[in-house]
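Asker: Below is the sequence, then the predicted model.
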Amino acid sequence: MSYPLYSESYWFVFGLIILVLNRQIQELEDQIDAWHKNNGDCLRLAKIPGVGVLTASALVASIGNARNKLETKNPPENPIVI
């Protein structure tokens, strides 16, 4: 089976795009690692078996300081009780 000559240039471009994306992913992972190492909540969560750097960082980033949320003047109408 024969491919047109221009298909080789497409593969080259796709390869470059993959290299750039991999570099950007590595930079983001490095930023998350640095943030994780400087955050006590992340470090405590990461001690739980099965919870790694990404999961702990995502939890802290999305939930933040739960104590502040519990002490607000206007609690949510349907609070989650654990």
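Answerer: Yep, it's here.
Asker: Can you pull out the low-pLDDT segments for the chain?
Answerer: Applying pLDDT under 70 to the chain flags residues 1-6, 65-82.
Asker: can you pull out the helices in it?
Answerer: In the chain, the segments counted as helices under DSSP state H are 6-37, 40-46, 53-63, 66-70.
Asker: gap between the second one and the chain center?
Answerer: Helix 40-46 sits 15 Å away from the centroid of its parent chain (CA atoms, centre = their mean, to the nearest Å).
Asker: Then stretch 27-47?
Answerer: 10 Å.
Asker: buried stuff in it?
Answerer: By neighbour count with 16 or more other CB atoms under 10 Å, stretch 27-47 contains the buried residues Ile32, His36, Asn39, Asp41, Cys42, Leu45, Ala46. Where C-beta positions appear, they are placed from N, C-alpha and C, glycine not excepted.
Asker: who's in contact with the closest residue to the last one other than its chain neighbours?
Answerer: Translated: Ala46. Leaving out its chain neighbours, the residue that sits closest to Ala46 by CB to CB, 6 or more residues apart in numbering is Ala56, at 4.4 Å. Ala56 sits next to His36, Asp41, Cys42, Leu43, Leu45, Ala46 when contact means CB atoms under 8 Å, 6 or more residues apart in numbering.
Asker: one more time with 6 Å
Answerer: Ala56 makes contact with Cys42, Leu45, Ala46, according to CB atoms under 6 Å, 6 or more residues apart in numbering.
Asker: ok, it to Gln31 distance?
Answerer: Distance from Ala56 to Gln31, counting by CB to CB, to the nearest Å: 15 Å.
Asker: Provide the count of other residues in contact range of Gly50.
Answerer: When neighbours are counted by other CB atoms under 10 Å, Gly50 registers 5.
Asker: separation between it and Leu21?
Answerer: Distance, Gly50 to Leu21, by CB to CB: 28 Å.
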